[in-house]
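A.B. asks: Sequence plus the predicted model coming up.
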Amino acid sequence: MIQGRGDYAAALEKYEQSLKIKEELGDRAGVAASLNNIGMIYHQQKKYPEAFENYQIAFSILTELGSPQAQIAENNLGILKKDWGEKEFEAEMKKRK
């Protein structure tokens with residue numbers, strides 16, 4: 001796995017390719033999975049606003065679909081809140097409403 005080796009740029013490129021394919025196919029659950037993976041890359045790089053955006057969109061899609069996978073995105077948002085700091089996380093939430 002590219003991401004596990006720390007090659008975040010290559011992993012991000014693959015996830016973005018996957019995202020485009022899933023968007024073209026109309027696979028909304030797949031789009032959400034790709035966005036969640038992209039969020040994980042940004043999270044590992046401490047690019048918290050980018051991670052937040054991807055996790056949040058993934059969560060919204062999965063919630064709308066009624067998918068149990070929404071819990072994964074919600075958990076990732078919780079971890080991000082802890083890592084980023086509650087104040088910064090909440091400020092980002094307000095900006096995006």
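C.D. replies: Looks like it came in fine.
A.B. asks: any idea how far Ala58 is from Gly30?
C.D. replies: Note on Ala58: its distance to Gly30, by Cβ to Cβ, to the nearest Å, is 11 Å. Heads up, the C-betas are built off the backbone N, CA and C, glycines and all.
A.B. asks: Those two: which is more packed in?
C.D. replies: Between Ala58 and Gly30, Ala58 has the larger neighbour count (other Cβ atoms under 10 Å), namely 27 against 16.
A.B. asks: for the record, mean pLDDT for the helix or strand where that one lies?
C.D. replies: According to DSSP states H and E, Ala58 maps onto helix 48-65. The average pLDDT for helix 48-65 rounds to 98.
A.B. asks: quick one: that helix to chain centroid distance?
C.D. replies: Offset of helix 48-65 from its chain centre (Cα atoms, centre = their mean, to the nearest Å): 5 Å.
A.B. asks: just checking, what packs against it?
C.D. replies: Secondary-structure packing of helix 48-65 (3 or more Cβ pairs under 8 Å, 6 or more residues apart in numbering; DSSP states H and E): helix 28-44, helix 70-84, helix 86-95.
A.B. asks: which one of those helices has the most crowded surroundings?
C.D. replies: helix 28-44 (a mean of 21; mean count of other Cβ atoms under 10 Å).
A.B. asks: Can you name every helix or strand that that helix contacts?
C.D. replies: Helices and strands in packing contact with helix 28-44 are listed as helix 8-25, helix 48-65, helix 70-84; criterion 3+ Cβ pairs under 8 Å, 6+ apart.
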